[in-house]
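> any chance you can model this:
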Amino acid sequence: MQSADELMVHLDRLNAIGIALSSEKDINCLVEHILIAAKDLVKADAGTLYLLKDNKLHFEFVRTSSLGIALGGSTGKKPPIPPISLHRPDGSSDFSTVVGYAALTGHTINIPDAYQAQGYDFSGTKHFDAVNGYLSKSFLTVPMRNHENEIIGVLQLINALGDDGAICPFTIADQRLVESLASQAAIALTNRQLINQLEALFEALIKLINAAIDDKSPYTSGHCERVPVLTMMLAEAVDRVDWGPFKSFKMTEKDRYELKIAGLLHDCGKITTPVHVVDKSTKLETIFDRIKLIDTRFEVLKRDAEIAFLRGEQTETAYQEALAQYDRDRVFLRQMNLGSEFMSPERQERVRQIAAYRWTDENGHSVPFISDEELENLCVSRGTLTAAERKIINHHIDVTISLLEALPWPKHLANVPEYAGGHHERMDGKGYPRGLTQEQMSAQARMMGIADIFEALTARDRPYKPGKTLSESLTILARMTHDQHVDACLFEIFIREKVYLEYAKAFLEPAQIDAVDEDELLSLAASNG
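A predicted model of the protein is given here:
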């Protein structure tokens, strides 16, 4: 009979164990804590924790103190023992093992001496004893039942030890303590499994959104995957450095998860961006590339020139010169349509001169060779997007912020909208959508900004450009650092900790990975003074 003092001690220990179990987030560590706590609570030498999966009891953690055996849990050593099936090949329940009986009936089994017990198959236990010179005598096998009254596993303890170290039976008091612990443990395990499942579902929904974005535009299909990876690479580098302004920056596992989720969601607003803008590979592309219409117009100009020549309205020299000029103009417009390099004012003026040609349309009307809308597109100085189209593209970040801020984020994910919504801001306040300065942004948002830019520079799947080499991309990024587009301290870590190279080895083609002069890049970035 337990005294009141002993009972209070045991209750205090159970409470402490319950608190510890509820705070553990790793399933492997949790099962280990459960078994060790149970062994310590009733002074058992050995024990095993089984979890029920697919009608089989799987060995999750095995420990025998006197033999120094510890398998499963946080040890990283999976128990080399096959699971125990609860049913025979004919489908009938198999009550032959003690743990199987406990799982099938929900009853605790307390056996003082396994070698004298009847009705259970202890052949595996006896073989273990013979091989290891051990004596598995007293057994306490307790089913683990969760808050929905479902059996989720079995906790088995072996060899209760008396004060003199001798093996003795488990007492009724021991049994009640372990049953109470098993109940707490089952709820803690179920809660952790549910949380893990909800997190997995949440991430799956995020990936579903990204898959929808990718399906709209195959050209950016890897962006939503690569930016989070690169962001985490940079964050881990910032976490480990012991120099510079970020030497005190440290991340917890919660911080890492929060940043990972923000990375996955950083472009979720693109789900509303029109696909014809996202996929615009040339300046004149809409549903199709309208450069083909201009090709046709040149043929009409050539036809008209030929007619004029045949009518004697112009000389053969003038006719041949006109044909050659049209061919040169067509080649020039095709080059300008690609948008692969900066378009100088002189080239823009030449496009305007060509636009001034007149041609006869299908209705017999003399009209400008290039419409005002086509002219605006062809004169885009960088890339393929007009100012209006770029505004549409940029709007995705407003949508991202709006969508994310509308969600009821739990405390540990409260910063996701700020992290995800700040990757187009600049250190000098000239970014978008809110014009934030460096001091107004979190370090995580600034990290994502670098990741977003570097991924875009090196990406091979864009319709309007090939993936740049490391040296080209880092030179551009260094200039952007010089212009206060990105954080100079983070750029230095990006270079010195070779984050760029880690990413390149994982995602770039070998031909893109060329020599990089790190000192020159840092000098270029710092030349702003």
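
> how far away is the spatially most distant residue from the centre of the chain from Y319?
For the chain, the residue at maximal distance from the C-alpha centroid (C-alpha atoms, centre = their mean) is G312, at 71.0 Å. Remark: distance between G312 and Y319 (C-beta to C-beta, to the nearest Å) = 11 Å. From N, CA and C alone the C-beta is placed, and that goes for glycine too.

> mind checking pLDDT for the residue farthest from the centre of the chain?
The confidence metric pLDDT takes the value 88 at G312.

> what's the answer for A324, then?
Reported pLDDT for A324: 94.

> low-confidence ranges in the stretch 151-300 of the chain?
Across the stretch 151-300 of the chain, residues meeting the criterion (pLDDT under 70) sit at 217-221, 275-279.

> now the residue farthest from the centre of the chain, what's its secondary structure?
Classification of G312 using DSSP: H, G, I helix; E, B strand; the rest coil returns coil.

> quick one: it from A318, how far?
Distance, G312 to A318, by C-beta to C-beta: 12 Å.

> just M233 next, same as before
Applying C-beta to C-beta to M233 and A318 gives a distance of 63 Å.

> tell me which of these two has more neighbours.
M233 (20 against 13; other C-beta atoms under 10 Å).

> now the more buried one. Nearest residue, chain neighbours left out?
Excluding the flanking residues, the one nearest M233 by C-beta to C-beta, 6 or more residues apart in numbering is V499, at 5.1 Å.

> my read: the one you found touches I493, true?
Yes - under the criterion of C-beta atoms under 8 Å, V499 makes contact with I493 at 7.2 Å.

> wait, M232 touches K260, no?
Yes - the criterion here is C-beta under 8 Å, and M232 meets it with K260 at 6.1 Å.

> return the residues in contact with G73.
Contact partners of G73, counting by C-beta atoms under 8 Å, 6 or more residues apart in numbering, are 28-29, 31-32, 35, 60-61.

> save the residues you listed as JSON lines, and put in pLDDT and neighbour count too.
Formatted as JSON lines, the contacts of G73 follow (pLDDT from 0 to 100; neighbours: other C-beta atoms under 10 Å):
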{"residue": "N28", "pLDDT": "79", "neighbour count": "15"}
{"residue": "C29", "pLDDT": "79", "neighbour count": "14"}
{"residue": "V31", "pLDDT": "82", "neighbour count": "25"}
{"residue": "E32", "pLDDT": "83", "neighbour count": "21"}
{"residue": "L35", "pLDDT": "84", "neighbour count": "25"}
{"residue": "E60", "pLDDT": "90", "neighbour count": "24"}
{"residue": "F61", "pLDDT": "90", "neighbour count": "26"}
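
> return the member of those residues nearest to S473.
Distance to S473, by C-beta to C-beta, is smallest for N28 among the contacts of G73, at 40.0 Å.

> follow-up on the earlier one: now the residue nearest to M233: how far from T458?
Here V499 is placed at a distance of 13 Å from T458 (C-beta to C-beta).

> related to what we said a few turns ago, intersection of neighbour lists for V499 and I493?
234, 237.

> roughly how far does I36 sit from N110?
From I36 across to N110, the span is 21 Å (C-beta to C-beta).

> and the helices in the stretch 151-300 of the chain?
For the stretch 151-300 of the chain, applying DSSP state H, counting those that start in this stretch gives helices covering 172-216, 223-240, 253-265, 275-278, 291-310.

> now those in JSON lines, with distance to S381?
Formatted as JSON lines, the helices of the stretch 151-300 of the chain follow (distance: least, C-beta to C-beta, whole Å):
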{"stretch": "helix 172-216", "distance to S381": "27"}
{"stretch": "helix 223-240", "distance to S381": "24"}
{"stretch": "helix 253-265", "distance to S381": "31"}
{"stretch": "helix 275-278", "distance to S381": "18"}
{"stretch": "helix 291-310", "distance to S381": "18"}
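
> of all the ones you listed, which one is nearest E389?
E389 lies closest to helix 275-278 among the helices of the stretch 151-300 of the chain, at 5.1 Å (C-beta to C-beta).

> okay, now the unreliable bits of the stretch 1-150 of the chain?
Applying pLDDT under 70 to the stretch 1-150 of the chain flags the ranges 1-24.

> can we see that at 80?
Applying pLDDT under 80 to the stretch 1-150 of the chain flags the ranges 1-30.

> helices along that one, start to end?
Taking DSSP H, counting those that start in this stretch to define them, one finds helices in the stretch 1-150 of the chain at 4-23, 27-42, 98-105, 123-132.

> and the angle from the last one to helix 98-105?
Read that as helix 123-132. With axes from the mean of the first three to the mean of the last three C-alpha atoms, to 10 degrees as the basis, helix 123-132 and helix 98-105 are set at 150 degrees to each other.

> so what does helix 123-132 touch, helix or strand wise?
Counting contacts by 3 or more C-beta pairs under 8 Å, 6 or more residues apart in numbering; DSSP states H and E, helix 123-132 packs against no other helix or strand.

> only C-alpha atoms, please: export that helix in CSV.
C-alpha atoms of helix 123-132 as CSV (Å, rounded to 0.1, in the frame of the first residue of the first chain):
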residue,chain,number,x,y,z
SER,A,123,9.7,-18.0,-28.1
GLY,A,124,11.3,-14.8,-29.4
THR,A,125,11.9,-13.6,-25.9
LYS,A,126,13.6,-16.9,-24.9
HIS,A,127,15.8,-16.7,-28.1
PHE,A,128,16.9,-13.2,-27.2
ASP,A,129,17.7,-14.3,-23.6
ALA,A,130,19.8,-17.3,-24.9
VAL,A,131,21.7,-15.2,-27.3
ASN,A,132,22.4,-12.3,-24.9
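
> show me which positions of that helix end up buried.
Buried positions in helix 123-132, judged by neighbour count with 16 or more other C-beta atoms under 10 Å: 125, 128-129.

> over to stretch 313-321?
The neighbour-count check on stretch 313-321 (16+ other C-beta under 10 Å) flags Y319 as buried.

> what's that stretch in contact with?
So stretch 313-321 is contacted by 305-306, 308-309, 322 (C-beta under 8 Å, 6+ apart).

> switch to 10 Å and redo it
302, 305-310, 322 (C-beta atoms under 10 Å, 6 or more residues apart in numbering).

> counting neighbours, which of those comes out on top?
A305 (20 neighbours).

> ok, now which ones touch it?
313-314, 318-323, 325-326.

> L323 now?
Going by C-beta under 10 Å, 6+ apart, the list of residues near L323 reads 298, 301-302, 305-306, 309.

> would you mind measuring from it to R330?
From L323 to R330 the distance is 11 Å (C-beta to C-beta).

> which residues are common contacts for those two?
Residues touching both L323 and R330 comprise 298, 301-302, with contact defined as C-beta under 10 Å, 6+ apart.

> and I287, how many neighbours does it have?
Around I287 there are 6 residues (other C-beta under 10 Å).

> make that H33, sorry
Neighbour tally, H33, other C-beta under 10 Å: 22.

> ok, I493 touching V486?
No - with contact defined as C-beta atoms under 10 Å, I493 and V486 do not form a contacting pair (11.6 Å).
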